[in-house]
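> no sequence on hand, only this structure:
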């Protein structure tokens, strides 16, 4: 097993001392998917775990917040949003060089693409309906009751996020991209007025960040909470639609050009309508803004991934360079969404 960027001896010693029931020897394998926080499958003779850590090297301020991931999933333990059980958080950088946490290893399946090759139409429809149900459940969580009312600032979520990601993008900028500059200029001017909705948001809600039971459609875990905060729920909903607007295949993982009816997949509007029905909403005005915001933020994220590759800190350097090349495409999609 490979264990790139993880000191197994240090992890074994720390968990032996701090995690009840842990017994080595320890083996580790780095998961190949995921660009932000390196994640490892830990195995002992009698139990499996997952370890997620900050990447090594100099990082952007507020990025890779594994402490927030641990906090939000701990808070959701008894909610209708399925998450792995959280076991332990280590804030001592001296152990392996950065903060990390250890959580339950879920035995399920992840669909990398919404087309879900080799599945029946009935399963595809059921999985996306479950994805819709979990999203609506997430946005109806009582943040006061689970202790997350201070998990994000008050005020206009989109105003805050746009300012943050402009700053993050500029800090990661490696060359001038005209489409990105145009989107950065247009997006704040298109921002709707506040409508009073303030919920927990995942920040990167898409099918490949969900784990489903083997052989069924039940979601057993929502993963990768790094971008979660208290904000506006339509950002998460539009993130789903954003992914579907991408081309199919390994890189886009979308539904552009796909005959959805032939695969049992809902249209964008049908998914939005079902979400609104579950939340008791009459509909959503100005959805193009929320879609454009997601294209913009993803462009900023991909630019950060590319910058880490140039700096030698990427989790998967070769793929990071490929992802960075998509920044202009995401910016163009964002501009088109605003014009629709």
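That came through, no problem. All values reported here derive from a predicted model rather than from experimental measurement.

> quick check: chain neighbours aside, which residue is closest to residue 249?
residue 113 (7.6 Å; C-beta to C-beta, 6 or more residues apart in numbering). (C-beta placed from N, C-alpha, C; glycine too.)

> list the contacts for the one you found?
Residues in contact with residue 113 (C-beta atoms under 8 Å, 6 or more residues apart in numbering) are 207-208, 248-249, 253-254.

> among the residues you listed, which two are most distant?
The largest separation in the contacts of residue 113, counting by C-beta to C-beta, is between 207 and 249 at 14.3 Å.

> which non-adjacent residue is nearest the spatially most central residue of the chain?
Per C-alpha atoms, centre = their mean, the C-alpha nearest to the average position across the chain is that of residue 204, at 3.0 Å. Of all residues not flanking residue 204 in the chain, residue 227 sits nearest, at 5.0 Å (C-beta to C-beta, 6+ apart).

> can you check what pLDDT the model gives the one you found?
pLDDT, residue 227: 88.

> contacts only, for it.
By C-beta under 8 Å, 6+ apart, the neighbours of residue 227 are 202-204.

> show me this structure divided up by domain.
8-104, 121-339 (automatic domain parsing).

> could you tell me the least trusted of the ones you listed?
If the domains of the chain are sorted by mean pLDDT, domain 8-104 sits at the bottom with a mean of 90.

> distance from it to the middle of the chain?
17 Å (C-alpha atoms, centre = their mean, to the nearest Å).

> residue 90 contacts residue 101, doesn't it?
Yes - Residue 90 is within contact range of residue 101, at 7.0 Å (criterion: C-beta atoms under 8 Å).

> for this structure, longest helix please?
Longest helix of the chain, by residue count under DSSP state H: helix 287-311.

> give me the helices and strands touching that helix, please.
helix 157-172, helix 178-186, helix 233-244, helix 317-324, helix 327-339 (3 or more C-beta pairs under 8 Å, 6 or more residues apart in numbering; DSSP states H and E).

> quick one: which of the ones you listed is nearest residue 15?
helix 317-324 (28.6 Å).

> please, which helix or strand holds the residue nearest to residue 249?
For residue 113, there is no enclosing helix or strand under DSSP states H and E.
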